[in-house]
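Enquirer: I need the structure of the sequence given here:
(chains A, B and C)
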Amino acid sequence: MLGIQEAATELGVTMRTLRFYEDKALIAPQRVGTTRIYSKREMGRMQLILRGKRLGFSIREIKEFLDLYDVDPEHHEQVRTLLVKVTDRIEELRQQKTAIEQTLEELLSIERQSLDWLKGTPDGK
DNA sequence: CTTCTTACA
DNA sequence: TGTAAGAA
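Expert: Model (predicted):
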């Protein structure tokens, strides 16, 4: 059981971040009076939240996944939901990748044309 | 001094 | 999410 300061340090986030996710109902640390206590469970959930964020999932998506952790002990529906989200995310990234490649090609084309134009001018360069 | 809440950026 | 302010 850790205090908010220690929990934050261990997770590499700030106390604000922990309170933020609690406000979004992704975690629900115990309370001793008004001070928060972070158990192994909250720490584990935070690890998953942080990873979900790294992978580009929204807080809502992460919450959906996390909530199944309690409702579905065997993690059946949980894994299915995860697979769907992961598949969607992969597709989303592929589209972004294509968009970036197109923009890049367009930019490279302009760069080439500019360079060529410069070659034909007096003080060219 | 540390944590909490609330509000604003 | 950071930061600030006032309470506990």
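Enquirer: Return the distance of stretch A:33-44 from the chain's centre.
Expert: Here stretch A:33-44 is found 22 Å from its chain centre; the criterion is CA atoms, centre = their mean, to the nearest Å.
Enquirer: Ignore what I typed, I meant stretch A:81-92.
Expert: Worked out by CA atoms, centre = their mean, stretch A:81-92 lies 13 Å from the chain centre.
Enquirer: Which residues outside that stretch are in contact with it?
Expert: A:Leu55, A:Gly56, A:Phe57, A:Glu61, A:Glu64, A:Phe65, A:Leu68 (CB atoms under 8 Å, 6 or more residues apart in numbering). All C-beta spots, glycine's among them, are computed from the backbone N, C-alpha and C.
Enquirer: May I see the PyMOL selection of the buried members of those?
Expert: Buried members of these, defined by 16 or more other CB atoms under 10 Å, are picked up in PyMOL with:
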select buried, chain A and resi 57+61+65+68
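Enquirer: Narrow the contacts of stretch A:81-92 to those in helices?
Expert: A:Glu61, A:Glu64, A:Phe65, A:Leu68 (DSSP state H).
Enquirer: tell me which of the residues you listed is nearest to DNA strand B?
Expert: A:Glu61 (21.4 Å; CB to the nearest atom of the strand).
Enquirer: Spell out which residues sit in contact with the closest one, please.
Expert: A:Gly52, A:Lys85.
Enquirer: what about it, distance to A:Ala8?
Expert: Distance of A:Glu61 to A:Ala8, computed by CB to CB, to the nearest Å: 23 Å.
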